[in-house]
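**Q** The sequence isn't on hand, but the structure is:
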């Protein structure tokens, strides 16, 4: 590490190592850290969509009960410290630096083949810091999959599986059944699991896995009542809340009605139909990044705004299906802005503009911008109070960039 770089710089640079499924590197790393994961008491959540929301809701309810919690999620939107939270607060940067230095020292003599991946290092960092912070319960979100996910090394009180859809097929499988088998890898003998409503193919796989290994299984059949205030928008979040509540109970905790009400009301999860006002614009930020999530986003928009149109800003990563996602979003949009995502894996917005989605004459003609900042500046140039809200979606990376611009007080150039 060069003299002017930080421990976090060193860690972020390990993203170049890519993804290499397997738990051998993780196991060796945790042994070198004296196995902090074995001292944690975790609620482990896997799935395709909604797992971050379930984690956030479970954490909020547990905190309302007076329990000292740890929360580990990914990716972060703005600050790396968002990934590791203690009692609802991002962990201190100084503690992150100390933890990264321990990892760097441990691995400095390891061969290239032995070097852990970025996510393995981050997960080991989280286990180490959450253990040192004395968390009573840790709510743990899987990264990619489940069976071979670095988080799967943790000790568990209970598990949950949110709705499973086609995503990350290059790693998890080409069919729903194959993906479900990977996600079901978090299950353990005798450890209860709570399962959200699933497609039939997925349900069959999960039920068989739970039966074979002897994991007590609860299937969620009703959402949290609409009479209970919830800090997250969308009817789907009431299903996520039902999963979170049952997950806590499966782990042996029983929140009072007051604990539950306070935890549900106070939960916050940025980037999930998050409403902001910036430069006089009403912004709705949603990290929907696959077809299943986009369809739910459309439902939530109709629940919140009815037939009112949006001005859409869209960007996606190259391993997604932007045409299919935009086809779902187009009926909402009076105006479409296509932007790159701040990632090497971004899809070229010009390529999206030339795709099948805009080949017909019934859709707005898209405007292509070289950056999100330019697109927001263009929309800011409209003066009418009746302008439609701006919906920004397609990638959590894009949402993170928007939050950085807004929270940093970035002034978008006003179009003429």
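**A** Arrived safely. Predicted model only: the values in this text are computed from it and were never measured. Residues are numbered from 1 along each chain as shown.

**Q** can we go C-alpha only for contacts and neighbour counts from here?
**A** Will do.

**Q** Residue 387 and residue 29, how far apart?
**A** 53 Å (C-alpha to C-alpha, to the nearest Å).

**Q** which one of those two has more residues nearby?
**A** residue 29 (22 against 15; other C-alpha atoms under 10 Å).

**Q** my read: the more buried one touches residue 124, true?
**A** Yes - between residue 29 and residue 124 there is a contact at 7.3 Å, judged by C-alpha atoms under 8 Å.

**Q** Show me how the record splits the protein into domains.
**A** The record, using automatic domain parsing to delimit domains, assigns the chain the ranges 7-266, 274-407.

**Q** can you put the ones you listed in a markdown table and add mean pLDDT?
**A** Converted to a markdown table, the domains of the chain look like this (pLDDT from 0 to 100):
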| stretch | mean pLDDT |
| --- | --- |
| domain 7-266 | 95 |
| domain 274-407 | 89 |
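
**Q** Need the phi and psi values for the spatially most central residue of the chain.
**A** Nearest to the geometric centre of the chain sits residue 52, at 4.7 Å (C-alpha atoms, centre = their mean). Dihedral pair for residue 52: phi -60, psi -40, per degrees, to the nearest 10.

**Q** Could you number the chain from 141 rather than 1 from now on?
**A** Yes, from this point I'll number from 141; that puts the last item at residue 192.

**Q** Quickly note the distance from it to residue 175.
**A** Distance, residue 192 to residue 175, using C-alpha to C-alpha: 25 Å.

**Q** again, but for residue 343
**A** Residue 343 is 34 Å from residue 175, by C-alpha to C-alpha.

**Q** And for residue 544?
**A** Distance check for residue 544 against residue 175: by C-alpha to C-alpha, it reads 35 Å.

**Q** Settle it for me: which of those two has more neighbours?
**A** residue 175 (19 against 15).

**Q** Can you get me the start-to-end distance on stretch 324-340?
**A** 15 Å.

**Q** what's the neighbour count on the residue nearest to residue 158 when sequence neighbours are not counted?
**A** Spatial nearest neighbour of residue 158, excluding adjacent residues (C-alpha to C-alpha, 6 or more residues apart in numbering): residue 257 at 6.6 Å. By other C-alpha under 10 Å, 21 other residues sit near residue 257.

**Q** hang on, residue 257 packs against residue 153?
**A** No - when contacts are counted by C-alpha under 8 Å, residue 257 is not listed as touching residue 153 (10.3 Å).

**Q** was I right about residue 292 contacting residue 327?
**A** No - at 9.2 Å, residue 292 does not count as touching residue 327 under the criterion of C-alpha under 8 Å.

**Q** the more surrounded of the two?
**A** Using other C-alpha under 10 Å, the more surrounded residue of residue 292 and residue 327 is residue 327, with 28 against 24.

**Q** doesn't residue 352 make contact with that one?
**A** No - the pair residue 327 / residue 352 is not scored as a contact, 10.5 Å apart, by C-alpha under 8 Å.

**Q** Quick check: the gap between residue 190 and residue 165.
**A** Counting by C-alpha to C-alpha - residue 190 and residue 165 are separated by 28 Å.

**Q** which of those two has more neighbours?
**A** Neighbours were tallied for residue 190 and for residue 165 using other C-alpha under 10 Å; the higher tally belongs to residue 190 (23 against 18).
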